[in-house]
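# let me see the structure of the following:
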Amino acid sequence: MWKPGGIADDRRMPRSQRLLLTALAAIVAATALLVSPAAGATPPPPSSRFPKMIFYRQFKLPLKPHTWTLYQGKPACCKDSLWAKSHVVAKAGALRIQTYRDPLFGNAWVSGGVSMARLVNQTYGRWVVRFRMPRGTGVGMDVALRPSGGGTVVDWIEESSDHGALRNLETATLHYGSTRVHAHVRADFTTWHTMTLAWVPGQITVRLDGHLWANYRSHIPSSPMHLTMQTNTGTNGFSGTLPNSTTPRKLALQIDYVAVYKYR
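Below you'll find the predicted structure:
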């Protein structure tokens, strides 16, 4: 009998049927590559500056509430967006922060978000996220370090919804007071990439697949922050556009893993 991923060794099967089943097996294998993270992807090892990994998760099981806070309601940042806990799903080895028209909310576009504030708030350290996101006009994303109260915010993997149609530009922005300091990097972010933020006294750097592209040396925060990850529709408070007829019915920011290291 034929099973997904392979063809039974049955020479009595008509050649046309064997060819059809071979083609189906190829489609199954290709689909698996599209929905699952590539095998063997691992976070960087500890270093002299970051000698201990204090958190590491691949998303093979449901999220634990003592670690992750799921967003619900209207975000202050993004007037066109709505968040729901049900739009954050861990399955097939990846965390999916989904955006789609949700009939439970009057068929409005609904997104989601998560925060690690319950588990890891630390001053200095290294954060590593492996991610990808399909193209979709009007749908943006953001991975950030935020303080529990007021203060400096670091949006270090951010893409405005008006770049969603191409999904080829990520920005890092240091927000302090009313000032914003930007850096940007280009790549095909529909494929898997690893982004690494390193925060030490007096400096924050961001690397894409090991290559430095953002380096901040002034207005560096010195109080605890935590990781957040979210998607949005329309404006992010500064720029953006709404989904349109070209936007896929459902798309998601996909996270393969999150790793956090302690500063020495």
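# how's the chain carved up into domains?
1-35, 46-262 (automatic domain parsing).
# pLDDT weak spots in the protein?
Under the criterion of pLDDT under 70, the regions of the chain flagged as low confidence span 1-40.
# what segments of it are helices?
Shown for the chain, the helices assigned by DSSP state H span residues 15-35.
# isn't residue 108 right up against residue 100?
No: applying CB atoms under 8 Å, one finds residue 108 not in contact with residue 100, separated by 10.0 Å. Any C-beta I mention is one placed from the backbone N, CA and C, and that applies to glycine too.
# more crowded one of the two?
In this view residue 108 and residue 100 are compared by other CB atoms under 10 Å, and residue 100 has more residues nearby, 19 against 14.
# which ones are touching the more buried one?
Counting by CB atoms under 8 Å, 6 or more residues apart in numbering, residue 100 touches 87, 109, 110, 249, 250, 251.
# wait, the first one sits on residue 101?
What that stands for is residue 87. No: counting by CB under 8 Å, residue 87 stays clear of residue 101, with 11.3 Å between them.
# ok, back up a step: in PyMOL, how would I select just the buried ones from the contacts of residue 100?
Buried residues within these, as defined by 16 or more other CB atoms under 10 Å, are selected in PyMOL through the command that follows:
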select buried, resi 87+109+110+251
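# from the contacts of residue 100, which ones fall inside strands?
109, 110, 250, 251 (DSSP state E).
# before we move on, back to that, quickly list what's touching both of residue 87 and residue 101.
Each of residue 110 lies in contact with both residue 87 and residue 101 under the rule CB under 8 Å, 6+ apart.
# check contacts around residue 115.
When contacts are counted by CB under 8 Å, 6+ apart, residue 115 is found next to 68, 69, 71, 146, 226, 227, 228.
# pick the one among those residues closest to residue 130.
Proximity of those to residue 130 (CB to CB) peaks at residue 227, which lies at 13.5 Å.
# state the number of residues packed around the closest one.
Using other CB under 10 Å as the criterion, the residues surrounding residue 227 number 23.
# all strands of the stretch 51-200 of the chain, in order?
Using DSSP state E, counting those that start in this stretch, the strands found in the stretch 51-200 of the chain span residues 52-58, 69-70, 88-91, 94-102, 108-110, 113-115, 125-132, 139-146, 153-159, 169-176, 179-186, 193-200.
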